[in-house]
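Chemist: Give me the fold of what follows.
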Amino acid sequence: MDPMTLGVGALFVFGTIAVALLAYSAMRAIVGGDYGSETQDLAGSVIFRVSALHGLILALIFAQEIQNYNLVRNDLVDEATAIADIYNDIHRYGAESEGEVHAALSAYVRVVVDEEWPLLAESDRLAPEGWRLREIVYQAVLDLVPSTPREEALRHHMIDRAQAIATLRQERENSALNSPNGLFWFAALSGVVLVTLPYFIFSPTRLHLMLLSVYGGFSGIVMFIIYAISDPFSAPGALAPVAFERLLETEIGDG
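Modeler: Okay, here's the model as predicted:
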């Protein structure tokens, strides 16, 4: 794990611990600390209900971001497969445009790895060159004139794969643009504070402060993971274009 990731993770963990302890200390300073059993029962009831809602919010967003992260990874595999299919099918077809299509596909893979991936991290946008190369492939496949059922099937499959590349590209850009709403971070931090406040009924012993720190720290870890995987193209949770890098190791990378 690189130093930047460790630093951001530590900021989340120790930041939420500080928020929890400050909220507890402020509440103790405002209302004092000598209360009877009725107050303890009420505080316990509030803690249970608020912590349940807070945990539910974190769990739902966590699950959603994990799903989106895995979707981007699966889409990369599907797109790489579509590229390989067209690369091989145009060879099976034996078209005069085979060399042009092979060259465009090879250049496309390099553009995605070398230019588009950093661009998605910097500006959440796809490289125009990627769209241009995909269009070259699509137009070349559309211009094919099949003369046998075999050629007709190959052309139909290549058109389908070329259309899939466009769809997967658009989904990749949408994934870069989507991130947890600011209201989520407000609710997450507010939850840490609101769960901690009712603990004012407990005296600030070393054990109690450690338990509050454990709660704050774990909340920070969960929020850090959500933050890390919310953008699959940027650190600290950046997803490498492994499927495309594997293509570059094949004959496609030699084009």
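Chemist: from here on, contacts and neighbour counts on C-alpha atoms
Modeler: Noted.
Chemist: Only the C-alpha atoms, please, for stretch 126-139, written as CSV.
Modeler: Output in CSV follows, covering the C-alpha atoms of stretch 126-139 (Å, rounded to 0.1, in the frame of the first residue of the first chain):
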residue,chain,number,x,y,z
LEU,A,126,-13.0,9.4,-22.4
ALA,A,127,-10.4,10.1,-25.0
PRO,A,128,-11.8,11.3,-28.3
GLU,A,129,-9.2,9.2,-30.1
GLY,A,130,-10.8,6.1,-28.6
TRP,A,131,-14.1,6.9,-30.2
ARG,A,132,-12.4,7.7,-33.5
LEU,A,133,-10.7,4.3,-33.6
ARG,A,134,-13.8,2.5,-32.6
GLU,A,135,-15.6,4.3,-35.5
ILE,A,136,-13.0,3.1,-38.0
VAL,A,137,-13.6,-0.5,-36.9
TYR,A,138,-17.4,-0.1,-37.0
GLN,A,139,-17.4,1.5,-40.5
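Chemist: Could you list the buried residues of that stretch?
Modeler: Buried residues in stretch 126-139, counted by 16 or more other CA atoms under 10 Å: 126, 127, 130, 133, 134, 135, 137, 138.
Chemist: three-state assignment of the third one?
Modeler: When the structure is reduced to helix, strand and coil (DSSP: H, G, I helix; E, B strand; the rest coil), residue 130 reads as helix.
Chemist: Touching, it and residue 110? I think so.
Modeler: No: using CA atoms under 8 Å, residue 130 makes no contact with residue 110, being 9.4 Å away.
Chemist: now the helices: where do they sit in the stretch 101-250 of the chain?
Modeler: 117-123, 128-142, 149-177, 182-196, 206-230, 242-248 (DSSP state H, counting those that start in this stretch).
Chemist: Would you mind listing the residues in contact with the nearest residue to residue 117 once chain neighbours are set aside?
Modeler: Nearest-residue entry for residue 117: residue 233, 6.9 Å, with adjacent residues in sequence omitted and distances by CA to CA, 6 or more residues apart in numbering. Contacts for residue 233 (CA atoms under 8 Å, 6 or more residues apart in numbering) come out as 117, 118, 120, 121, 176, 239, 240.
Chemist: Filter these down to the buried ones, ChimeraX style.
Modeler: Selecting only the buried members of the contacts of residue 233 in ChimeraX, with burial defined as 16+ other CA under 10 Å, works like this:
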select :117,118,120,121,176,239
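Chemist: from the contacts of residue 233, which single one is nearest residue 51?
Modeler: Distance to residue 51 across the contacts of residue 233 (CA to CA) is lowest for residue 176, with 31.2 Å.
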